[in-house]
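> let's see this in three dimensions:
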Amino acid sequence: MSQYPKKNPLSMQLDLSKFTLATEDEKKMADRMRESTSFFKDGMRRLRKNVVSMICLIIIVLLILIAFVVPLFYPYDYSTSSASVDSVSANFLAPMKYSIKEQILRSKNGVFIGWSYPRATLEGYKGLPVIDSQEKLDEVKEYFVTDPVKITNSNVELYAVWSVDENGDGIGDFGADLFDFSGAKTVEAKSYHITYDLDGGEGTVPVDENDYVPEDEVILSKTNKVTKPGAVFVAWSLEKGLPVLTADNYKEYESKLVTKGTNLTKDTTFYAVYAQDENGDSVIDGFRIQTSYGTPKLNRYKLTYNKNMGEGAAPIDSNVYAPGSTAIPTMDVSFTKPVKSIFPHILGTDEIGRDYAIRVIVGMRISLLVGIIAAAIVVVIGVLYGAISGYFGGKVDMVMMRVVDIIYAMPDTLIIILLSVSLKDVIMNTSFSKVADKLGGVGLVSILIVFALLYWVGMARLVRGQVLSLREQEFVLAAKSMGVSPFKIIIKHMLPNCISVIFISAALQIPSAIFTESFLSFLGIGVSIPMPSLGSLASDYRGQMTIPGREYLFIIPALVIFLIVLSLNLLGQGLRDSFDPKLREVSK
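You can find the predicted model right below:
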C-alpha cells in the first residue's frame with residue numbers, strides 16, 4: 001500500500017509521490033534560529049535556572065527590606081530604652097515579654113484601690129502590677145499599706161495599687177476591701193529639748209528653743225561668754241563635774257567630751273567643760289581640743305505618692321514628718337489608669353532596656369550599607385586604575401602594577417586592624433570628626449577608608465587583564481584612527497566589554513566587606529556606639545552564652561552575619577556562572 005494518497009486527475013493538488021522526505025540534517029537546517037537577546041537577559045535566564053542562587057537572592061531581598069523598611073515603622077529606637085514615656089522597658093526582658101510598667105499600661109479596667117510600699121525587683125521598678133487574680137493578690141498583698149505609715153529615718157514613697165474592674169462598678173475585684181483607714185489618726189513624734197549647764201562657771205547660759213524628736217542631730221552651741229577662774233571654756237559633756245582639763249589629765253577625759261553632732265534619744269542636759277589657762281590669755285595651755293559647732297540638723301521627712309503609671313495629678317502631702325511620726329495616706333485621688341497598646345519586644349531587651357530586635361535590624365542595615373558602599377568604592381577605584389594600567393601598558397603599567405603587588409604582599413588582617421585604629425584616632429582629633437559623626441560615626445568612616453585603600457587591587461587586576469586583551473581589537477584601533485581620546489575609548493568602548501567581570505567581582509566583594517566590618521566591630525574598633533553593628537552585638541553578648549535564657553543575644557547577630565555572608569557568596573557564585581562567558585564555555 002502506498003504511503004501517499006492517489007492523485008485525482010481533475011484535482012489541482014501536487015502529486016506527493018514525486019517528492020521525497022527531508023533528511024534529519026535538512027530538518028535541522030530548516031529550524032528557526034533562537035531569538036536574539038541581550039547580555040543581561042541571557043545571564044538572568046541562566047541565573048533563574050540556578051535554584052540555590054535564586055533562594056539566596058530572595059533571602060537577600062527580604063533582609064534588605066527588613067533592614068531599610070522596618071525601622072521606618074518600628075515603634076522602638078535603637079539608641080534609647082523606649083520609643084516613648086509610655087513604654088519604659090526593663091533590662092534583659094525575654095522575647096515577647098513586657099516590663100511591669102508595660103503590663104500595667106496594657107491591663108484593662110484598672111481602678112485605684114489603695115497604696116503600696118516600694119518593692120525590690122530585678123527590673124528596678126518598685127510599683128505593683130495590676131491585680132487581676134487571687135493568686136496575684138496573694139503574691140503582692142504583703143506590700144499593701146493597710147495601716148498608718150510609720151516615718152523612721154527616710155522619706156517614704158507610696159505607689160498606687162490598681163485592681164481590675166470587670167463588672168464596671170468602679171470597685172476593684174481583688175483587694176479593694178483591704179484598705180480601710182477609718183478611725184486611724186496621725187501621730188506626731190514626741191518632742192525633746194536640750195539645756196546647757198555652766199557647771200560651776202560664770203556667764204551667759206546658751207538657750208536652745210528647738211523642738212527635737214528622736215534621732216535628730218544636735219550641733220552644740222559655741223559660747224565665749226562663760227568663764228572660770230584660771231580656766232577657759234572648751235567643750236560640752238553629758239557628764240557633770242569634770243575637772244579642769246590639763247595636758248596631764250586630758251587623755252583620761254577626752255572620750256567624755258561632745259566634739260561632734262549628737263543624736264538625741266531623750267531630753268538632755270549638756271555641761272560645760274573647762275581647760276587650764278595659767279597665764280590668763282584665754283588660750284588653752286599645752287594642748288588643743290577639736291570641737292564641732294554649727295546649725296542644729298533637724299531630721300524631717302516627707303511622704304510622696306507615685307501614680308504607678310496612672311494619669312492625672314497625684315496627691316501632694318505638704319507635711320513634714322519627724323522620725324517616729326505616723327501618717328495616714330490619702331484615699332482621695334483623681335487620677336486614672338488608661339489602657340494603652342504596647343508593641344511587644346520581639347527579641348526582648350538588652351542590659352539597659354533597649355529593644356534588641358531593632359538593634360539587630362539596624363546592625364544588619366549597617367552591615368549591608370558597608371558592603372554596598374565598599375563594593376562601589378572598589379568598582380570606582382579598581383576599574384579606573386586597572387583600565388588606565390591596561391590601556392597605556394609599558395612603563396605606566398609596570399609602575400602601577402608594582403603598587404598593586406606591594407599592597408597584595410601586605411598581611412591583610414594586620415594592616416586592616418592597624419589602619420582602622422590609626423585612622424580612627426586621626427579622625428577623632430580633627431574637625432572632620434563632626435562630619436564623620438553625621439555619616440555614621442568615626443569607626444564606620446575609618447572602615448570605609450580602609451576599603452578604599454586596600455580592597456580595590458583585585459578588581460584592578462581583573463579589569464587590567466580584560467583591557468589588555470581588548471586594546472588590540474579592531475574596534476579600538478578604529479576609534480584611535482578616528483582621533484577619539486584615550487579616556488573616551490576606555491569609558492565607551494572597553495569598559496562595556498568588561499561589564500561581566502566588573503559585575504561579578506563587585507558582587508563577590510560585598511560579603512567580604514561585610515565580614516571584615518563585622519570582624520573589626522567584634523574586636524571593638526569598628527562602628528562607634530551607640531550605633532549597633534552585628535559584630536559589636538555579638539562581641540557585647542558573648543558572655544551571655546553562659547546565662548540560661550540569654551544565649552540568643554549572641555546567637556542571633558552571629559546567625560544573621562552567617563546568613564548574609566553565605567547568601568551573598570552563593571549568589572555571587574551563581575552570577576559568575578551565569579554571566580561569565582569563559583566559565584560558560586568551560587561548563588560545556
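> could you use CA atoms for every contact and neighbour count after this?
OK.
> quick one: the helices in the stretch 1-150 of the chain?
Listed in chain order, the helices of the stretch 1-150 of the chain (DSSP state H, counting those that start in this stretch) span residues 24-30, 39-48, 51-73, 100-106, 134-140.
> pick the most deeply packed of those.
Highest mean neighbour count of these: helix 100-106, a mean of 21 (counted as mean count of other CA atoms under 10 Å).
> how confident is the prediction for the residue most central in space within the chain, by pLDDT?
With the centre of the chain defined as its mean C-alpha position, the nearest residue by CA atoms, centre = their mean is residue 79, 4.6 Å away. Listed pLDDT for residue 79 reads 74.
> can you pull out the low-pLDDT segments for the stretch 51-200 of the chain?
80-89, 108, 122-123 (pLDDT under 70).
> longest helix anywhere in the chain?
Across the chain, the helix with the greatest residue count (assigned by DSSP state H) is helix 356-392.
> what about it, distance to the chain center?
26 Å (CA atoms, centre = their mean, to the nearest Å).
> tell me the buried residues in that helix?
356-379, 381-391 (16 or more other CA atoms under 10 Å).
> before we move on, the earlier item: residue 421 is nearest to which of the helices of the stretch 1-150 of the chain?
helix 51-73 (27.6 Å; CA to CA).
> need the contact partners of the closest one.
Outside helix 51-73, the residues that touch it by CA atoms under 8 Å, 6 or more residues apart in numbering are 47-48, 358, 361-362, 364-365, 368, 564, 567-568, 570-571, 573-575.
> just put the helices of the stretch 1-150 of the chain in JSON lines and tack on distance to residue 250.
Formatted as JSON lines, those follow (distance: least, CA to CA, whole Å):
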{"stretch": "helix 24-30", "distance to residue 250": "128"}
{"stretch": "helix 39-48", "distance to residue 250": "101"}
{"stretch": "helix 51-73", "distance to residue 250": "76"}
{"stretch": "helix 100-106", "distance to residue 250": "61"}
{"stretch": "helix 134-140", "distance to residue 250": "58"}
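> nearest to residue 196, out of those helices?
helix 134-140 (50.8 Å).
> quick check, distance from the closest one to the centre of its chain.
For helix 134-140 - counting by CA atoms, centre = their mean - the centre lies 35 Å from the chain centre.
> could you name the helices and strands sitting against that helix?
Applying 3 or more CA pairs under 8 Å, 6 or more residues apart in numbering; DSSP states H and E, we find helix 134-140 packed against no helix or strand.
> according to the record, where do the domains of this structure fall?
Each domain of the chain is listed here as a residue range: 100-188+302-327, 217-276, 364-536, per automatic domain parsing.
> closest one to residue 296 among those?
domain 217-276 (4.7 Å).
> distance between the ends of that closest one?
30 Å (CA to CA, to the nearest Å).
> could you give the mean pLDDT of that domain?
83.
> quick one: that domain to chain centroid distance?
59 Å.
> return the residues in contact with residue 524.
If you count contacts by CA under 8 Å, 6+ apart, then residue 524 has 536, 539 around it.
> so the residue nearest to the centre of the chain sits right up against residue 354, yeah?
Yes. If you go by CA atoms under 8 Å, residue 79 and residue 354 touch, sitting 6.9 Å apart.
> which neighbours do the two have in common?
Counting by CA under 8 Å, 6+ apart, nothing touches both residue 79 and residue 354.
> now residue 321: phi and psi?
Reported as degrees, to the nearest 10, the phi and psi values for residue 321 are phi -110, psi 140.
> residues contacting it?
Contacts of residue 321 (CA under 8 Å, 6+ apart): 151, 188, 300, 301, 302, 303.
> for residue 275, which non-adjacent residue is spatially closest?
The shortest distance from residue 275 to any non-neighbouring residue, by CA to CA, 6 or more residues apart in numbering, is to residue 245 (4.3 Å).
> same check, this time on residue 330
residue 315 (7.6 Å).
> remind me which helix or strand the one you found belongs to.
Per DSSP states H and E: residue 315 is located in neither a helix nor a strand.
> my guess is it contacts residue 331, does it?
No. Assessed by CA under 8 Å, residue 315 is found out of contact with residue 331, at 9.1 Å.
> before we move on, back to that, residue 445: which of the helices of the stretch 1-150 of the chain is closest?
Of those, nearest to residue 445 by CA to CA is helix 51-73, at 19.8 Å.
> relative to helix 356-392, how tilted is the closest one?
120 degrees (axes from the mean of the first three to the mean of the last three CA atoms, to 10 degrees).
> ok and helix 51-73 relative to helix 39-48, angle-wise?
100 degrees.
> can you give the distance from helix 51-73 to the centre of its chain?
Taking mean C-alpha positions (CA atoms, centre = their mean), helix 51-73 and its chain are 24 Å apart.
> put the alpha carbons of it into PDB.
What follows is helix 51-73, C-alpha atoms only, in PDB (Å, rounded to 0.1, in the frame of the first residue of the first chain):
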ATOM      1  CA  VAL A  51      17.800  27.100  42.300                       C
ATOM      2  CA  VAL A  52      20.300  27.800  45.100                       C
ATOM      3  CA  SER A  53      21.200  31.300  43.800                       C
ATOM      4  CA  MET A  54      17.500  32.200  43.500                       C
ATOM      5  CA  ILE A  55      16.800  31.200  47.100                       C
ATOM      6  CA  CYS A  56      19.800  33.300  48.200                       C
ATOM      7  CA  LEU A  57      18.500  36.200  46.100                       C
ATOM      8  CA  ILE A  58      15.100  36.000  47.800                       C
ATOM      9  CA  ILE A  59      16.800  35.900  51.200                       C
ATOM     10  CA  ILE A  60      19.000  38.900  50.400                       C
ATOM     11  CA  VAL A  61      15.900  40.900  49.200                       C
ATOM     12  CA  LEU A  62      14.000  40.100  52.300                       C
ATOM     13  CA  LEU A  63      16.900  41.100  54.600                       C
ATOM     14  CA  ILE A  64      17.300  44.400  52.700                       C
ATOM     15  CA  LEU A  65      13.600  45.100  53.100                       C
ATOM     16  CA  ILE A  66      13.700  44.300  56.800                       C
ATOM     17  CA  ALA A  67      16.900  46.400  57.300                       C
ATOM     18  CA  PHE A  68      15.700  49.500  55.500                       C
ATOM     19  CA  VAL A  69      11.900  49.500  55.700                       C
ATOM     20  CA  VAL A  70      11.100  48.100  59.100                       C
ATOM     21  CA  PRO A  71      12.900  50.800  61.100                       C
ATOM     22  CA  LEU A  72      10.600  53.400  59.400                       C
ATOM     23  CA  PHE A  73       7.600  51.900  61.200                       C
END
